[in-house]
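Student: I need the structure of the sequence given here:
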Amino acid sequence: MGKFKEQKRKKQRREKRKGLIAAAVLLLVLLLAGVLAVTLFRIRDVEVTGNSFYSAQEIEDRVITDKYSQNSLYLYLKYKYFGQEELPFIDKLEISLKSPGKVRIRVYEKSIIGYVTYMGSNFYFDRDGVVVESSADVKEGIPCISGLKFTALTLYQKLAVEDDAIFHRILNITQLVKKYELSPDRIEFGENLALTLYFGEMRVALGTGGSLEDKIGRLHELFPDLEGRAGILRMENYTSDSKFISFEKTE
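Tutor: Residues are numbered from 1 along each chain as shown. Purely as a prediction, here's the structure:
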């Protein structure tokens, strides 16, 4: 009977030792896996695509903000399952792993065609006239739209204007100046929606009639000789047939 109890105690001690060894091995494996995850998934290279409002470095600095986010696996899981910080002019950011040490940040920007200034702030709106952003910053490449008459202005709501057709005209002119590589400081809508573009000290009066694309195409050809000059370039009556243009200098 005593011999049986002794054998039982020895068996229990052996099983306990095996359990301790197994636990130690498991702990070691987990430790090695942790070290491997830290070293192998440490971000060494970042690729940023789809950005125009921010530089690649600005996007990287906004995304990789602490020591934890320097780990590509952590960063991927964070943005996939736990949301992300809201950034002005950015709809969303998508993180993907190109390799354990390389991540790609895909930037999806808000579709913005212009902004209006109101009470010291700039309100940026999309092609449908919906205000998508409010900022004190002026973003390069997005023109200020003046002369736009609205009765209400609320973030994430459509600008309350008399005729929504104005947004199609804004979209048309902004697409044309981009196509012809022109960057007006301001686009003004006057009486009867007459268009005027502002480039520093020069104004380009486009009027309301004729082909807008013909006018912008011709402006593109003339611009190198006019850039930096002060005055009014009158293109209200320009057509592909008449080609009437005049320039009035201002002091």
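
Student: Buried residues, the longest strand along the chain. List them.
Tutor: Using DSSP state E, we find that the single longest strand of the chain is strand 90-99. By 16 or more other CB atoms under 10 Å, the buried positions in strand 90-99 come out as 90, 93, 95. Glycine gets a C-beta too; all of them are placed from N, C-alpha and C.

Student: what pairs with the most centrally placed residue in the chain across the strands?
Tutor: Centroid-nearest residue in the chain, with CA atoms, centre = their mean: Glu109, separated by 3.3 Å. As for beta bridges, Glu109 partners with Ile90 under DSSP bridges.

Student: Quick check, it in contact with Val48.
Tutor: No: counting by CB atoms under 8 Å, Glu109 sits too far from Val48 to count as a contact (12.0 Å).

Student: which residues are in contact with the longest strand of the chain?
Tutor: 45, 47, 53-54, 59, 63, 72-73, 75-76, 78-80, 84, 87, 103-110 (CB atoms under 8 Å, 6 or more residues apart in numbering).

Student: Just the buried ones from those residues?
Tutor: By 16+ other CB under 10 Å, the contacts of strand 90-99 give 53-54, 59, 63, 72-73, 75, 78-79, 87, 103, 105, 107, 110 as buried.

Student: Which two among those residues are spaced furthest apart?
Tutor: Leu73 and Lys110 (29.0 Å; CB to CB).

Student: what ranges do the helices span in this protein?
Tutor: Here the chain has its helices, by DSSP state H, at 2-40, 56-63, 72-81, 165-179, 212-226.

Student: what's the angle from the fourth one to helix 212-226?
Tutor: Interaxial angle of helix 165-179 relative to helix 212-226 (axes from the mean of the first three to the mean of the last three CA atoms, to 10 degrees): 40 degrees.

Student: State the distance from Ser246 to Ala205.
Tutor: In this view, Ser246 and Ala205 are 10 Å apart by CB to CB, to the nearest Å.

Student: Give me the common contacts of the two.
Tutor: 233-234.

Student: Of the two, which one has the most company?
Tutor: Ranked by neighbour count (other CB atoms under 10 Å), Ser246 and Ala205 place Ala205 first, with 19 against 13.

Student: Kindly provide the distance from the more buried one to Glu109.
Tutor: 32 Å.

Student: Please report how far Val132 lies from Thr154.
Tutor: 12 Å.

Student: List the buried residues for stretch 134-148?
Tutor: So for stretch 134-148, counting by 16+ other CB under 10 Å, buried means 134, 139, 142-145, 147-148.

Student: just stretch 163-174 next, same as before
Tutor: So for stretch 163-174, counting by 16+ other CB under 10 Å, buried means 166-167, 169-171, 173-174.

Student: between these, which is nearest Phe41?
Tutor: Closest to Phe41, out of all of the buried residues of stretch 163-174 and judged by CB to CB, is Thr174, at 42.6 Å.

Student: mind checking pLDDT for that closest one?
Tutor: pLDDT, Thr174: 92.

Student: same check, this time on the one 4 residues further on
Tutor: In the prediction, the pLDDT value recorded for Lys178 is 91.

Student: In the stretch 101-250 of the chain, mark out all the strands, start to finish.
Tutor: All strands of the stretch 101-250 of the chain, identified by DSSP state E, counting those that start in this stretch, fall at 102-109, 114-118, 121-125, 131-135, 144-146, 150-152, 160-161, 186-189, 195-199, 202-207, 231-234, 246-249.

Student: helices or strands up against the second one?
Tutor: In this case it means strand 114-118. strand 121-125, strand 144-146 (3 or more CB pairs under 8 Å, 6 or more residues apart in numbering; DSSP states H and E).

Student: Serialize those to TSV and add fields for mean pLDDT and distance to Lys178.
Tutor: As requested, these are exported to TSV (pLDDT from 0 to 100; distance: least, CB to CB, whole Å):
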stretch	mean pLDDT	distance to Lys178
strand 121-125	93	16
strand 144-146	94	14
